[in-house]
Every structure is written in C-alpha cells, then in structure tokens.
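> Starting from these lines, generate the structure:
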Amino acid sequence: MHILVINPGATSTKLAVFQEKQEEWRSTLLHSQEDLAPFHHVNEQTGYRLELILQEVEKAGYHMADFAAVVGRGGLLRHIPSGTYKVNQRAVDDMNDPPMGEHAANLGVLICDELTRRYGMPSYFVDPVSVDELEPVARISGHAAFERQSFFHALNQKSVARRAAEKLRKPYEDCNFIVVHMGGGVSVAAHRKGKVVDVYNVKDEGAFSMDRGGSLPVTRVIDYCFSGKSYQEVKRELGTQAGMVSYLGTKDLREVEARMDAGDEKAALLFDALSYQLCKDIGAMAAVLCGQIDAIAFTGGMAHSQRLCRSMEERVGFLAPVMLFPGEEEMAALAMGAWRVLTGEQQALDY
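Numbering: from 1, shown residues only. Predicted structure coming up:
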C-alpha cells in the first residue's frame, strides 16, 4: 500500500512515498522567487507545482496508479477538530478563497484534489494549523471582542503526543501531555485525553520565538501601531522581525549558543529568557491539566539543542518526566493519518 505525501512550503514542496508505515522515498522541490513571481495569489501556483510533482514522481520510478491515496498538508482552513479529512469541494472552495488567509500549505488541499480528479485515488489532509479542540473556558480572553483562537503546530503536536503515548504503552486518548513545539514558531499545548484543550501560540501569545514576539506589552504595542507605521509594516515587524532576531539579529539558535560560548552575556541572557518563557507556558498548561501530567514532550528544530532542553528540564522536570522528539515529522504524520483511514483504524472526516 503506497501513499504519496505532499507538503507545500513557501519556497519548496516536500514529497515522500510511504509503503504503509515506512518511508521509502523523499524529495524536495525548490521554487525560486523568480519561479513564483508570476503568481499573485497562492492558489494560482497549483498547476505549476502539480506538474513539477508529477515529473519528480515519475523520475523516481513511480506511477500514479501505484498510490492507494494521496495526502497533503492542510492549510488555513476553518476551525475543525483533529483528524484525517477527505478533500471535498468545500475544502477546495475555502482554499481558493481562504477564510483564515493565504499560506503555502493551502496548496496541499488543491494539489491533492487535482490528483484525485485525474487519477481517482482518495485524497486527504490531516491536522491543519486551524485544529480547534479548546474548552469553552479557554476561549475567554480579557475582552468580549477578542476570543482566543486555536492556531498551532497541530500536525507535529498530535504526532509527537501519539509517539509519547506509545512509549508509555498507553492509548493517546488515555494520556495527559504538555507538548512544546520549538521551531521558527513555538506552541505549547495541553493534551487531555486525546484533545488539545488549551494552547499558547506565538503568533498571539506565550513565549517569544526566534522571529515572533509572543505575548507583548499591550500598551507598548498600541503605541507602536500608532507611531506612523503602516498595517503591513506592523504585521511584518511582529510576524518576522520580533523575538530573538530583534535582540540579537539572528534567527539561528546555533549562532546564539556559539555567541554564548564566546562570552556574549547578552546572548546568554536571551537564551535564558527563551527557556524561562517556554517554561512559564508549560507551568500554565500544568495548571490546565490540574497537575495530572503523564509527560512533557519537547519537539521541533530547537529541541536538537541539548543545552536548551537541559535548561528547560531543570525548571519543569518536577512536574512530569520529559521526553525528547527533536525535529519535525510532518511527512510521517501525514502518511500515518492516511494510513489509519485506509486500514480502518479511523474514519475519514467530512470537512
């Protein structure tokens, strides 16, 4: 049973083929700014990327008839519960007119739909960033006009939580976890009995990351917004030039650590602040789970830093055992979502 996995990014398209649970081929297609310049909206890239995918798959010796299913990264869809979803017309319509904004991940749905139309295999998407399982109390912010939103690294968070449950030899649905995704963006989530009941997402709140600010002083943000900056300037500054890069001029944690080793006290302070803020978020999620925590899981690219993980474990290890799952496993998570449906372990959901 072969599954084709498609994960579009801003300047790349990652591809993989899984034979049931085992990855047997992987490739990354790179897209230059010149290649993408003719397209004014993300959805307009569908045909361009699709043809490159077909060429790459054929070059690797596969035929589309080989695939039992195709699964793509879900984009900025409407808020939905976690699961594997059938690509349907509503999903396609939303990705052509995205309710939550444009993002390269939106192409996952559109490309899969085109493949199904041409070749007939079923197509799915799994755990998009808009997964929403928040409890009602978690939706309350501090103002009636601003409901807290659930946006986070759902695909990797859910996959890591399932792996943690396997290590404990328990069903994911019987466990309580705090999962900390530490990549370009960070998210800290409370998983209670198979649902993410609360989450900090660096886009809006919580710890800062390498280029995003997380929770910022509201009064200072208001002043900044009315300091003559345009809407686009504010979005760019807070979305790509905040966090660590605003202090140290780098988005690479490895460079921060190298500067620490060279005696840079400011780099050491910012590194400690990153650990400190992430651990504050973990503490908040521990309260959400009433202290009943099976494990705390660290994942994402920054989880490769032993220094960061040790620093955080020193602060929060008293709460629960810490498990490490460095890097991201989006391709495997997508494949496993489709595999669970194809084998009858789960039912595909309607979007």
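> Kindly state the pLDDT recorded for the residue sitting nearest the centre point of the chain?
Taking CA atoms, centre = their mean as the criterion, His153 is the residue nearest the geometric centre of the chain, at 2.6 Å. Per-residue pLDDT puts His153 at 93.
> Need the single longest helix in the protein, by residues.
Looking only at the chain and at elements set by DSSP state H, the helix with the highest residue count is helix 265-288.
> what residues does the next helix-or-strand element following that helix touch?
If you walk from helix 265-288 toward the C-terminus, the next helix or strand you reach (DSSP states H and E) is strand 295-300. In this structure, residues lying in contact with strand 295-300 by CB atoms under 8 Å, 6 or more residues apart in numbering are 153, 156-157, 160-161, 164, 167-168, 175, 177-183, 186, 282, 309, 312, 316, 319-328. The way it works is simple: take the backbone N, C-alpha and C, and place the C-beta from them, glycine included.
> can you tell me which of the residues you listed are in helices?
Using DSSP H, those in helices are 156-157, 160-161, 164, 167-168, 282, 309, 312, 316.
> quick one: what helix or strand has Val256 in it?
helix 253-261.
> Also Met331?
helix 330-342.
> likewise Ile3?
strand 2-8.
> what pairs with that strand, and is each one parallel or antiparallel?
Note on strand 2-8: by DSSP bridges, its sheet partners are strand 12-19 (antiparallel), strand 67-73 (parallel).
> Now tabulate those in TSV and tack on mean neighbour count and mean pLDDT.
Compiled in TSV, the strands paired with strand 2-8 are given as follows (neighbours: other CB atoms under 10 Å; pLDDT from 0 to 100):
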stretch	mean neighbour count	mean pLDDT
strand 12-19	20	96
strand 67-73	26	96
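> hmm, who's touching the helix holding Val256?
Taking CB under 8 Å, 6+ apart as the rule, helix 253-261 contacts 210, 244, 248, 250, 267-268, 270-271, 301-302, 305, 307-308.
> try 10 Å
In this structure, residues lying in contact with helix 253-261 by CB atoms under 10 Å, 6 or more residues apart in numbering are 182, 209-210, 244, 247-250, 252, 264-272, 274, 301-302, 304-308.
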